[in-house]
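Trainee: Sequence and predicted structure are below.
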Amino acid sequence: NAGVTQTPKFQVLKTGQSMTLQCAQDMNHEYMSWYRQDPGMGLRLIHYSVGAGITDQGEVPNGYNVSRSTTEDFPLRLLSAAPSQTSVYFCASSYSRQGDSPLHFGNGTRLTVT
Amino acid sequence: ILNVEQSPQSLHVQEGDSTNFTCSFPSSNFYALHWYRWETAKSPEALFVMTLNGDEKKKGRISATLNTKEGYSYLYIKGSQPEDSATYLCAYNFWNYGQNFVFGPGTRLSVLP
């Protein structure tokens, strides 16, 4: 069972470059989300989606774009990378859009912006 | 900005000790409270999802309780084992024109053999 697949696992970018972090799930989950994890802080929600064609902002959305054209995929785009975006990024999905089912996490992407 | 707090920040116990952690969250707009275990170099894995005031959940030696009126949840580990060493996260789920999660900073548990 693949579950939630994130690619790449590691990425180094220069300031100003753009890139897309990929996230795919094969569990037919309605809810998908992106978090960033920084030292000394909890996971912070960047963007989330409760179904194809529906996205919304979380706590720290600035500098990131998302789209949800299919149930399976939820890519995260960095439009112009900044050193403040150096972090570990996790994609997570859950069956229910209402928060009463557990989140399934991908293995994370470690991003460094120089 | 909603705030979810966890205490203690870290904990070192001997194998066989029982321990407990606290998660504090806002009592308004509550929908669910999640607990996750996060082992080093892995991704978080769900332990419990609780939605009702007074909920109690159990999985082996780990159990959790929920008080939504006062905004706290306890996680208990009975007879800690070295394999229980991990960071334990709680996440407050609320409904505000769409569901949203706020995670606490975690409690890091080390169980010494």
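Mentor: Sure thing, it's come through.

Trainee: For the residue positioned nearest the centre of chain A, give me its contacts.
Mentor: Using C-alpha atoms, centre = their mean, the residue of chain A that lies closest to the mean C-alpha position is residue A:34, 2.8 Å off. Shown in contact with residue A:34 (C-beta atoms under 8 Å, 6 or more residues apart in numbering or on different chains): A:21, A:23, A:45-48, A:58, A:64, A:66, A:74, A:76, A:89-92. C-beta here means a position set from N, CA and C on the backbone, and glycine is covered the same way.

Trainee: ditto for residue B:48
Mentor: B:34, B:35, B:57, B:59, B:64.

Trainee: please redo it, this time with the cut-off set to 10 Å
Mentor: Neighbour list for residue B:48: A:102, B:32-36, B:55-59, B:62-66, B:73, B:75, B:90 [criterion: C-beta atoms under 10 Å, 6 or more residues apart in numbering or on different chains].

Trainee: about what we covered before: the residue nearest to the centre of chain A and chain B, how far apart?
Mentor: In this structure, residue A:34 and chain B are separated by 11 Å, where distance is defined by C-beta to the nearest C-beta, to the nearest Å.

Trainee: Which parts of chain B are strands?
Mentor: B:5-7, B:10-14, B:19-24, B:30-38, B:45-50, B:56-59, B:62-67, B:72-77, B:86-95, B:99-103, B:107-112 (DSSP state E).

Trainee: Least reliable of the ones you listed by average pLDDT, please.
Mentor: Mean pLDDT values for these show the minimum at strand B:99-103, a mean of 82.

Trainee: quick one: strands adjacent to it?
Mentor: Each strand paired with strand B:99-103, and its direction, by DSSP bridges: strand B:86-95 (antiparallel).

Trainee: in the partner strand, what counts as buried?
Mentor: Within strand B:86-95, the residues that count as buried by 16 or more other C-beta atoms under 10 Å in any protein chain shown are B:86, B:87, B:88, B:89, B:90, B:91, B:92, B:93, B:94.

Trainee: beta partners of the residue nearest to the centre of chain A?
Mentor: With DSSP bridges as the criterion, residue A:34 is bridged to residue A:47, residue A:91.

Trainee: Then residue B:45?
Mentor: Beta-bridge pairing of residue B:45, defined through DSSP bridges, involves residue B:37.

Trainee: One more: residue B:62?
Mentor: Here residue B:62, judged by DSSP bridges, has bridge partners residue B:59, residue B:77.

Trainee: The one 5 residues further on now?
Mentor: The bridge-partner assignment for residue B:67, based on DSSP bridges, gives residue B:72.

Trainee: burial measure for it, as a count.
Mentor: Other residues near residue B:67 come to 14 when the count uses other C-beta atoms under 10 Å in any protein chain shown.
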